[in-house]
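With the sequence up front, the predicted model follows.
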Amino acid sequence: MKWARFQHNGQPTYGLVEGDAVKIVSGDPFGGYALSGEELRWDDLELLVPVVPGTFYAAGANYTDHIVGMRKQTGADPTPPSRAHIGYRANSALIPHGAAIVKPADAGEQFQYEGELVAVIGKRARHVSKADALGHVLGWTIGNDISERTWQRADSTLWRAKNSDTFKPMGPYIDTDPDFTDMQTIVRIDGQEVDRFATLNMLFDAATFISDMSQYITLHPGDVIWLGTDGVPSNMRPGNRVEVEITGLGVLSNPVVAEDRASS
């Protein structure tokens, strides 16, 4: 089952994606729904992010090659963490599939993508075991954790390096049952492949994150957990289009544009 969220009759609306058609529902995948009997074409949708999370969580340092490659650039200790690390992102940075990533006027050359698998929580989770953790997941989507590395190194927090407006593309939909077999994350810039890695080659999987987090905080329906990236990303620049494909799940595609402060 694939859940899309889109603008319809002036309101955010959910629908079930079936091929090129989207069946509109009343309600949503978290609190219950009913088919309305109305359909739209996928190509006609004004897509929104598939969920606006109550809390937006993001895994840190969750793939070995990314840890080693990125820390080599700064001379930091490349030792992988001994347990799952979690941080937060800003909802204000979220944009849907197709919307423009805006590079701020004073951003540096190291303006980079990070393709990530995203778990969408569907059921309240508190003190859950690892064995039961995935039963609290509604489904999965794709995230692109845009990062400005100069700011990331210079600032004491990630407030602008990862949370500036438009820095968090997510979508295009939530898939409740993707094909995880040999799942690959592939990133392309202007159609050219620049990164590929085994999506599930994580230090800590989604079940570990959910279980560990739930020992201290309550996860609620609609919360999202971005699960990290691998490799050393390439730079993006205005005029590029960046695609994050996760095989068995879909493609998240967004153009990159320069900030126009005169019109903001």
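Great, that's in hand.

what is the residue nearest to the spatial centre of the chain paired to in the beta sheet?
Centroid-nearest residue in the chain, with C-alpha atoms, centre = their mean: Gly143, separated by 1.9 Å. Assessed by DSSP bridges, Gly143 has beta-bridge partners Glu116, Met170.

and if you look at Asp195?
Val187.

separation between it and Ser82?
From Asp195 across to Ser82, the span is 27 Å (C-beta to C-beta, to the nearest Å). Yep, even glycine has a C-beta here, placed from its N, CA and C like the rest.

re the thing from before, wait, what's in contact with the residue nearest to the centre of the chain?
115-118, 168-170, 224, 226, 244, 252 (C-beta atoms under 8 Å, 6 or more residues apart in numbering).

I'd like to know which of these is nearest to Leu94.
Closest approach between those and Leu94, by C-beta to C-beta: Lys168, at 4.8 Å.

Run a quick neighbour tally on His136.
For His136, the number of neighbouring residues by other C-beta atoms under 10 Å comes to 22.

what residue ranges in the protein are flagged as low confidence?
Residue ranges of the chain with pLDDT under 70: 263-264.

all helices of it, in order?
Counting by DSSP state H, the chain has helices at residues 64-74, 130-133, 149-154, 206-214.

buried set for the second one?
The one in question is helix 130-133. Judged by neighbour count using 16 or more other C-beta atoms under 10 Å, the buried positions of helix 130-133 are Ala133.

what's the distance between it and the middle of its chain?
22 Å (C-alpha atoms, centre = their mean, to the nearest Å).

Could I have the CA atoms of it written out in PDB?
Coordinates of each C-alpha in helix 130-133 appear next as PDB, following Å, rounded to 0.1, in the frame of the first residue of the first chain:
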ATOM      1  CA  LYS A 130      13.700  -4.800  19.300                       C
ATOM      2  CA  ALA A 131      11.600  -7.800  18.300                       C
ATOM      3  CA  ASP A 132       8.400  -5.800  18.400                       C
ATOM      4  CA  ALA A 133       9.700  -2.500  17.200                       C
END
